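Chemist: Take this sequence and fold it.
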Amino acid sequence: MALRALIVDDEPDARNNLQLMLEEECPEVVVIGQAGSAPEAREKIETLQPNALFLDIKMPGEDGFALLSSIAELDLPVVFTTAYDEYALKAFKQNALDYLEKPIDVDALHRAVKKLTRMSDQLGGSQPVAIENLMKDPTSPLSSRLAIPGREGLVLLKHDEILYLEANDSYTTIHLVDGKRSVSSKHIRVFETNLDPKTFFRVHKTYIINLAHLKAFNRTEGNMAVLDNGALIPVSRRRLPDFLGLINTF
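Modeler: Okay, the predicted model is just below:
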């Protein structure tokens with residue numbers, strides 16, 4: 001199972017430095033987001049569904065220990081990060097997988113990520129190859145679905161349930177017809193490559209729309225694709241000719 005990590009730290013520089021270290025040193029980790037406080041972290045844990053946390057201990061208001069206690073039922077693997085070594089014992093009593101002192105040492109980071117990887121493998125495993133192959137087979141019923149990894153396994157989304165996909169840094173939010181959202185750690189380029197371009201069209205660097213739910217095209221507020229739910233999705237100038245050519249063939 002891929003490591004989808006959320007970094008929680010009240011210091012933006014610390015968050016960015018850790019993300020850079022992970023991106024450069026630990027390619028098995030995908031940083032799906034950052035949070036600067038415990039309330040923001042809870043919100044992002046709910047929407048992004050990480051399977052690993054890098055959590056600062058000393059934060060204003062609610063500290064890392066309080067946050068971890070409030071989400072104990074999720075049983076997320078946690079690596080604590082802190083500049084204060086006196087918290088180490090308490091961290092391990094909170095079942096932390098590892099404890100990194102700032103400034104973070106590269107070797108120590110590698111060891112922590114190895115522990116996270118082992119635990120992730122024990123909890124889940126990767127998407128079955130058989131399912132992946134069936135989803136690529138146009139004759140299979142699964143070819144009309146997207147598989148989105150979640151905490152409990154895979155969520156299979158029917159293509160006609162999808163309104164549009166939205167890029168958010170290195171992950172993608174899938175917006176559904178019923179108003180719900182699902183988050184994937186895959187980059188939006190992966191979806192652009194694998195989805196049928198006759199149905200899913202990338203109208204903008206940030207958006208892919210489902211043409212089956214295209215209601216109108218509006219020029220009055222810029223070039224906007226109007227979807228069934230009223231959502232206005234910008235169409236970039238570079239993609240506009242291909243978009244208009246495609247919808248004129250309907």
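Chemist: buried sites along the longest helix seen in the chain?
Modeler: Longest helix of the chain, by residue count under DSSP state H: helix 106-123. Buried residues in helix 106-123, counting neighbours by 16 or more other Cβ atoms under 10 Å, are found at 109, 112-113, 116-117, 119-120. In this view, the C-beta of every residue, glycine as well, is placed from N, C-alpha and C.
Chemist: Have a look at the residues you listed and tell me the least confident one.
Modeler: Ranked by pLDDT, the buried residues of helix 106-123 bottom out at S120, which has 69.
Chemist: Tell me if I'm right that L240 and N223 touch.
Modeler: Yes - between L240 and N223 there is a contact under Cβ atoms under 8 Å: 5.7 Å.
Chemist: and those two? which has more neighbours close in?
Modeler: N223 (19 against 14; other Cβ atoms under 10 Å).
Chemist: In contact with that one, which residues?
Modeler: 217, 234-237, 240 (Cβ atoms under 8 Å, 6 or more residues apart in numbering).
Chemist: at 7 Å instead, please
Modeler: When contacts are counted by Cβ atoms under 7 Å, 6 or more residues apart in numbering, N223 touches 234-235, 240.
Chemist: from the chain's centre, how far out does stretch 97-112 sit?
Modeler: Put simply, stretch 97-112 sits 23 Å off its chain's centre (Cα atoms, centre = their mean, to the nearest Å).
Chemist: end-to-end on that stretch?
Modeler: 8 Å (Cα to Cα, to the nearest Å).
Chemist: ok, L3 - how many residues close by?
Modeler: As a burial measure, L3 scores 21 neighbours (other Cβ under 10 Å).
Chemist: so what's the residue lying closest to it once chain neighbours are set aside up against?
Modeler: Leaving aside its chain neighbours, L3 sits nearest to V29 (4.5 Å; criterion: Cβ to Cβ, 6 or more residues apart in numbering). By Cβ under 7 Å, 6+ apart, V29 lies in contact with 3, 5, 22, 113.
Chemist: Could you check the pLDDT of the residue lying closest to the last one once chain neighbours are set aside?
Modeler: Setting aside the residues directly before and after it, V113 is nearest to C26 in space (Cβ to Cβ, 6+ apart), at 4.6 Å. pLDDT, the model's per-residue confidence, is 93 for C26.
Chemist: Equivalent analysis for the one 10 residues further on, please.
Modeler: Per-residue confidence for G36 comes out at a pLDDT of 96.
Chemist: returning to that earlier point: and the least confident of the contacts of V29?
Modeler: Minimum pLDDT for these is recorded at L3 (87).
Chemist: Output the below-cut-off pLDDT ranges for this structure.
Modeler: Within the chain, the set of residues satisfying pLDDT under 70 comprises 1, 73, 85-95, 120-144, 149-154, 169-170, 185, 249-250.
Chemist: Check which helices and strands the longest helix of the chain sits against.
Modeler: strand 3-8, helix 12-25, strand 98-101 (3 or more Cβ pairs under 7 Å, 6 or more residues apart in numbering; DSSP states H and E).
Chemist: Each with direction, which strands does the shortest one pair with?
Modeler: Taking DSSP bridges as the criterion, strand 98-101 sits next to strand 78-82 (parallel) in its sheet.
Chemist: where does the partner strand sit relative to the chain's centre, distance-wise?
Modeler: 20 Å.
Chemist: what sits up against it?
Modeler: Counting by Cβ under 7 Å, 6+ apart, 9, 18, 53-58, 64, 68, 91, 96-102, 104, 112, 116 sit against strand 78-82.
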